[in-house]
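*Asks:* sequence and computational prediction follow.
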Amino acid sequence: MLAGISGLALALISPASPTTASADTASFTCGGGTIYALTVAGGFEKIDLRSGAQSAVGQIPNAVRSANNALALPPGRGHNAWYLGGRAVHRYDIRSGTTTDFPVALPPGAAVAGAVNPVNGIYYFAQVGPHANPRNTTDATPWPLYGFDTRTETFLGRVAVLDGLYSNGDIAFDQHGNLYAVSNGFIAGATSITYSSGPLVRYAPPPSAGSGTQVLQPHRIATMPDLGGAYSGIAFDRSGRLAISVTGTKHGSAVAGDGSVVTVNPADGSVVHANAISLTPGAADLASCSSRGPVS
């Protein structure tokens, strides 16, 4: 959508047979070390950061492989998840297994990051900025940031630009509306992909309206360790720590089943749990309904 233009999004119910949720998956939970992942096949995975246990809790109807991203959950126990795919914002209902679609006008570009700000209920999502060489994305590039008000179901258009990010990454909000991002780039060879280390950064709360030209400057918290893959997801757990998913560590592909999750302190980027949790094959993007402030 052009900067500064907003409008109501038309809601469409996906024509698919619902998958009925069981009693223990009728809502997204926020307790303990629980976070969620969206897989490249459109599945929702519940992850326990304490034990490493993972379980399937939902499935996007008629999902197109690798077409959905920017998973987000509102704060508190609820039954809806938000994600982006196919030029539309989607709301998934874990109780019925159905989605409601809100078409939005976006310029060309891959959407890689999304999160709901607990302060204003806006679902923010970002596209990757252009790189001079698409096979070498280790140069920082600005990410256009868009907003969708989940309370009024209104697309707000482009609201700002996130500076200093790369070709992979994700965003998350703390309870005060500060935006955290992790990102890195890659160099594509003839037969393999090499990922670089990248930053963990924090931004001031993004605006909910405006021309869309405001550039938010990052405060660099730390340079993340080279974990050998793409930083594909980030989410707060209930303790105030950040879980970061890393995919493509063996084959340069998120579908290879070689993803993992590490936990870091958002205050300084130090790794809290160095023994990464292995992800279910294809799981990449992360979200949680916890939005506590960072641990001190």
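*Replies:* Ah, there it is. Source: prediction; values computed, not measured.

*Asks:* which elements pack onto the lengthiest strand in the chain?
*Replies:* Among the segments of the chain that qualify as a strand by DSSP state E, the longest is strand 154-165. Contacts defined by 3 or more Cβ pairs under 8 Å, 6 or more residues apart in numbering; DSSP states H and E place strand 154-165 against strand 7-8, strand 122-127, strand 141-149, strand 179-184, strand 199-203, strand 215-216. Every C-beta, even on glycine, is put in place using the N, C-alpha and C of the backbone.

*Asks:* quick one: strands adjacent to it?
*Replies:* If you go by DSSP bridges, strand 154-165 pairs up with strand 7-8 (antiparallel), strand 141-149 (antiparallel), strand 215-216 (parallel).

*Asks:* name the stretch among those strands that sits most buried.
*Replies:* When those are scored by mean count of other Cβ atoms under 10 Å, the highest mean neighbour count falls to strand 141-149 (a mean of 22).

*Asks:* now do that strand and strand 199-203, the angle between them.
*Replies:* With axes from the mean of the first three to the mean of the last three Cα atoms, to 10 degrees defining the directions, strand 141-149 sits at 50 degrees from strand 199-203.

*Asks:* and strand 141-149, C-alpha only, in CSV?
*Replies:* The C-alpha trace of strand 141-149 is given here as CSV (Å, rounded to 0.1, in the frame of the first residue of the first chain):
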residue,chain,number,x,y,z
THR,A,141,18.8,-2.4,4.2
PRO,A,142,15.7,-0.6,5.5
TRP,A,143,12.5,-2.6,6.1
PRO,A,144,9.2,-1.0,5.3
LEU,A,145,6.8,-1.5,8.3
TYR,A,146,3.1,-1.8,8.0
GLY,A,147,0.2,-1.8,10.5
PHE,A,148,-3.1,-3.6,10.8
ASP,A,149,-5.4,-2.7,13.7
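
*Asks:* where do the strands sit along the stretch 51-200 of the chain?
*Replies:* 54-59, 68-72, 80-85, 88-93, 98-103, 111-116, 122-127, 141-149, 154-165, 168-173, 179-184, 186-188, 193-195, 199-203 (DSSP state E, counting those that start in this stretch).

*Asks:* got the contact list for the closest residue to Leu49 other than its chain neighbours?
*Replies:* Distances taken as Cβ to Cβ, 6 or more residues apart in numbering put Gly33 closest to Leu49, at 3.3 Å, once the chain neighbours are dropped. Contact analysis of Gly33 by Cβ atoms under 8 Å, 6 or more residues apart in numbering lists Asp48, Leu49, Arg50, Asp237, Arg238, Ser239.

*Asks:* switch to 10 Å and redo it
*Replies:* 47-52, 237-239, 241, 243, 263, 273, 277, 288, 290 (Cβ atoms under 10 Å, 6 or more residues apart in numbering).

*Asks:* and of these, the nearest to Gly76?
*Replies:* Ser290 (9.0 Å; Cβ to Cβ).

*Asks:* the closest one: neighbour count?
*Replies:* 26 (other Cβ atoms under 10 Å).

*Asks:* how far away is it from Ser55?
*Replies:* Using Cβ to Cβ, to the nearest Å, one gets 18 Å for the distance from Ser290 to Ser55.

*Asks:* wait, Arg91 sits on Asn80?
*Replies:* Yes. With contact defined as Cβ atoms under 10 Å, Arg91 reaches Asn80; the gap is 5.4 Å.

*Asks:* find the residues that touch each one of the two.
*Replies:* Counting by Cβ under 10 Å, 6+ apart, the contacts common to Arg91 and Asn80 are Thr99, Thr100, Thr150.

*Asks:* can you pick the most crowded of the residues you listed?
*Replies:* Neighbour-wise, the shared contacts of Arg91 and Asn80 (other Cβ under 10 Å) top out at Thr99, 25 neighbours.

*Asks:* so where's this structure uncertain?
*Replies:* 1-25, 249-258, 274-275, 292-296 (pLDDT under 70).

*Asks:* ok, now which ones touch Ser245?
*Replies:* Ser245 touches 35, 37, 47, 170, 182, 227, 229-235, 254, 259-262, 276-277, 279, 283-286, counting by Cβ under 10 Å, 6+ apart.

*Asks:* residues of stretch 131-139 that come out buried?
*Replies:* His131, Thr137, Thr138 (16 or more other Cβ atoms under 10 Å).
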